[in-house]
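Colleague: Give me the fold of what follows.
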Amino acid sequence: MSVVRSVEVPIDPETAFRVFTEEIDEWYERGRYSWNDPERAVAIRFERGRLLEVWDDGGAFEMGVVTTWEPGERLAFAYRSAHLPPELETEVEVRFEPIAQGTRVTLEHRGLERLPDDEYARWRDRAWVPFMQAYLCYAGGSSS
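Modeller: Below is the predicted model of the structure:
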């Protein structure tokens, strides 16, 4: 089972990829539900093949391990939440597709069937919506 979210941004795929990865800390929506440890989290970034939630004490939580890095085309990472056991790791893939108006950015989160039913229901209904909307607003696009 997977969750798919798409947005369209008025920039080319290479720029859309760069904004998504290199500028993630600029547009990432901070809050109680977006951090693994909201009391300590201060930043998010891709660094050395990992997606990190950076903490105020210099530590970090590894939210993901990058498995595919194809600038302008595709990004994938094994994803985990601090609220779930490590064996419940899932996969996130982000595709950057050229369209007439710029780029369609599609995020697909796979492997959700491994989650407990209540957790799956939460992901199915709300997962990645604020995340993709924040990216959309930052990159200046529209929903599709």
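Colleague: Next, count neighbours for F131.
Modeller: Around F131 there are 16 other residues, counting by other CB atoms under 10 Å. Every residue, glycine included, has its C-beta placed from N, CA and C.
Colleague: nope, P13 is what I meant
Modeller: 21.
Colleague: count of neighbours near the closest residue to G31 other than its chain neighbours?
Modeller: Distance criterion CB to CB, 6 or more residues apart in numbering; nearest residue to G31, sequence neighbours excluded, is P38 at 7.2 Å. The number of residues packed near P38 is 12, by other CB under 10 Å.
Colleague: how would you label P38: helix, strand or coil?
Modeller: Taking DSSP: H, G, I helix; E, B strand; the rest coil as the rule, one finds P38 in the coil state.
Colleague: ok, it to T67 distance?
Modeller: Remark: distance between P38 and T67 (CB to CB, to the nearest Å) = 27 Å.
Colleague: so who does R74 touch?
Modeller: By CB atoms under 8 Å, 6 or more residues apart in numbering, the contact list for R74 reads 68, 93-96.
Colleague: do the same with W27
Modeller: So W27 contacts 19, 134-135, 137-139 (CB under 8 Å, 6+ apart).
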